[in-house]
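Peer 1: Structural data only, the sequence is not supplied:
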């Protein structure tokens, strides 16, 4: 068997030199001297990873509170409509998936843009006379998150900016900043059912604006824009020649007013009526809860006292609100609202009481 002898030569400040000898059947042959370096571990995080930041995780993971052990935990924070079994998969879909798996024809790698037959079906479903679609217009991704990432990578370069709603889904900012893309936040108006502040939106556009993100129906607001408002958004984009990245993942979802009605009766809270998606935003009238500094403290105490977990809206760049997921079973929604009411009644201070408490600080 051939053997190799590697000899490292080097003195003082001189770089080490590898003197390599090859020994074959007892005969030695030198391959010469090759300048090298001393091996050492130097695995460093990439610049992209250093720019990646998830505000939801940063806030939620830092909430060091324990729920009230005397009350079962009710989570109104997780945006997954399947957790409580309220949105079961249609039997027809389940059967179709099983048939595909049993066929054995689709066990390998799919085309990077998706199977042709699937793309044709999607195009046929969404096509309309005003905007006809063909399979070549459709790209299938692994969930909406990958679709957003792909769209941003196609539309924007490092150093450019994108326009993102506030409050808005935190992933837009997480992905953009990791790519070196600046995020400009345009305001939504709670007093107008979270319509876009169009003047503020247009004032943010400059020569480096790569795209405008419109999330409708909205996470976290649960709002749904009217046709008239959508046309006004299109007018701004057309006037400024800015493409729109339309996130409409909740486009076929609507909701009932059960949770909104229950929260409207609670002192110190102002829920904004939702119309789509599966979310509801609630304003905390902080002047009536002076013992809490912000929405994070408010929701932390709600967990520790009532075992109800709502997501503080600071996660969505919108302090002094919290988000409620309304896809939990009806009895849980009503129980959670009852506990929230008990919590607010315990901590609520009228205008005079709040002023006195402020003076005592």
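Peer 2: Arrived safely, thanks for sending. Owing to the predicted nature of the structure, the values given are computational and were not obtained by experimental measurement.

Peer 1: Give me the three-state assignment for residue 136.
Peer 2: helix (DSSP: H, G, I helix; E, B strand; the rest coil).

Peer 1: give me the number of residues near the closest residue in space to it that isn't next to it in sequence?
Peer 2: Distances taken as CB to CB, 6 or more residues apart in numbering put residue 119 closest to residue 136, at 7.8 Å, once the chain neighbours are dropped. Every residue, glycine included, has its C-beta placed from N, CA and C. Each residue near residue 119 was counted by other CB atoms under 10 Å, and the total is 20.

Peer 1: ok, now which ones touch residue 119?
Peer 2: For residue 119, the contact set (CB atoms under 8 Å, 6 or more residues apart in numbering) comprises 113, 135-136, 138-140.

Peer 1: How are the strands of the stretch 251-361 of the chain distributed by residue range?
Peer 2: Using DSSP state E, counting those that start in this stretch, the strands found in the stretch 251-361 of the chain span residues 269-272, 279-284, 308-309, 311-312, 321-325.

Peer 1: In JSON lines, list the ones you listed along with mean pLDDT and distance to residue 146.
Peer 2: As requested, the strands of the stretch 251-361 of the chain are exported to JSON lines (pLDDT from 0 to 100; distance: least, CB to CB, whole Å):
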{"stretch": "strand 269-272", "mean pLDDT": "96", "distance to residue 146": "30"}
{"stretch": "strand 279-284", "mean pLDDT": "96", "distance to residue 146": "22"}
{"stretch": "strand 308-309", "mean pLDDT": "96", "distance to residue 146": "28"}
{"stretch": "strand 311-312", "mean pLDDT": "96", "distance to residue 146": "23"}
{"stretch": "strand 321-325", "mean pLDDT": "96", "distance to residue 146": "22"}
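
Peer 1: Can I get the ones you listed in a markdown table including mean neighbour count and distance to residue 104?
Peer 2: Listed next are those as a markdown table, based on neighbours: other CB atoms under 10 Å; distance: least, CB to CB, whole Å:
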| stretch | mean neighbour count | distance to residue 104 |
| --- | --- | --- |
| strand 269-272 | 20 | 50 |
| strand 279-284 | 22 | 41 |
| strand 308-309 | 24 | 44 |
| strand 311-312 | 26 | 43 |
| strand 321-325 | 26 | 39 |
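
Peer 1: Show me the one of those that comes nearest residue 44.
Peer 2: Minimum separation from residue 44 across these (CB to CB) falls at strand 311-312, 33.5 Å.

Peer 1: The closest one pairs with which strands, parallel or anti?
Peer 2: strand 321-325 (antiparallel) (DSSP bridges).

Peer 1: So which residues make contact with the partner strand?
Peer 2: 75-79, 167, 190, 220, 259, 263, 278-284, 295, 298-299, 310-313, 315-316.

Peer 1: the domain parsing of the chain - what is it?
Peer 2: 3-35, 55-84+253-360 (automatic domain parsing).

Peer 1: hang on, the earlier thing: so which of the strands of the stretch 251-361 of the chain comes closest to residue 249?
Peer 2: The nearest among the strands of the stretch 251-361 of the chain, by CB to CB, is strand 279-284 at 12.1 Å.

Peer 1: Go through stretch 303-316 and flag the buried ones.
Peer 2: 303, 305-316 (16 or more other CB atoms under 10 Å).
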